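Participant: let me see the structure of the following:
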Amino acid sequence: MTIFRRARDRAVALWRLLRDERSSPREVAAAVAVGAFAGCTPAVGFHGGLAVALASLLRLSRIWAFVGSRVSNVVLLPWIVLAEIETSHRLRTGAWIALSTADVLAHAGGLLLDWCLGSVVVGAAIASICGVLAYGLARWRGGRAARSRAADP
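Facilitator: Residues are numbered from 1 along each chain as shown. Prediction:
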């Protein structure tokens, strides 16, 4: 029984360490923004690892960067990719691209270039939005925690 209790205590301590790692509202916002930007890259399947690596490199919270990378979930990823391709193609050529299944296969190389270039523009926009939302939520969470500490005698 003590083995399980010790493992549980270690898991709780690790969770608290990760949760509180660089957790000021500004740091949480920066980590979520970096994670969201990583989630918009063409590295499908590696978004979480990329976000954690970038957060470690930039000395940000790894758990919040991973949470931010979840912007690229199964529901939103096709729309993000479409926005990246369309935005980049519009910036490069001045026209929107009409996508059909035959066109996608015929122009795969150009679409990959558009996807890579568009990920910078669309990723920066999504990262900004997610960062601002994370900042607001972190401030609200910090204020709520401070009020509950002040209420306890």
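
Participant: what packs against the single longest helix found in the chain?
Facilitator: For the chain, the longest helix by residue count, based on DSSP state H, is helix 108-151. Here helix 108-151 touches helix 25-39, helix 62-69, helix 77-93, going by 3 or more C-beta pairs under 8 Å, 6 or more residues apart in numbering; DSSP states H and E. Placement of C-beta: from N, CA and C, glycine included.

Participant: in CSV: those, plus mean pLDDT.
Facilitator: What follows is those, written out as CSV (pLDDT from 0 to 100):
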stretch, mean pLDDT
helix 25-39, 94
helix 62-69, 92
helix 77-93, 88
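
Participant: do you know which of the ones you listed lies nearest residue 5?
Facilitator: Nearest to residue 5 among those is helix 62-69 (24.2 Å), distances taken as C-beta to C-beta.

Participant: how far does that closest one sit from the chain's center?
Facilitator: Put simply, helix 62-69 sits 6 Å off its chain's centre (C-alpha atoms, centre = their mean, to the nearest Å).

Participant: alpha carbons of it, in CSV - could you do that?
Facilitator: Output of helix 62-69 as CSV, limited to C-alpha atoms (Å, rounded to 0.1, in the frame of the first residue of the first chain):
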residue,chain,number,x,y,z
ARG,A,62,6.0,23.5,-20.8
ILE,A,63,2.5,22.4,-19.6
TRP,A,64,0.9,25.7,-20.8
ALA,A,65,2.7,25.5,-24.2
PHE,A,66,1.4,21.9,-24.6
VAL,A,67,-2.1,23.1,-23.7
GLY,A,68,-1.8,25.9,-26.3
SER,A,69,-0.7,23.4,-29.0
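
Participant: not counting it itself, show me its contacts.
Facilitator: 18-19, 21, 23, 27-28, 31-36, 38-39, 47-48, 50-52, 54-56, 127, 130, 134 (C-beta atoms under 8 Å, 6 or more residues apart in numbering).

Participant: over to stretch 119-135?
Facilitator: 25-26, 28-37, 39-42, 64, 68, 71, 80, 83-84, 87-88, 91.
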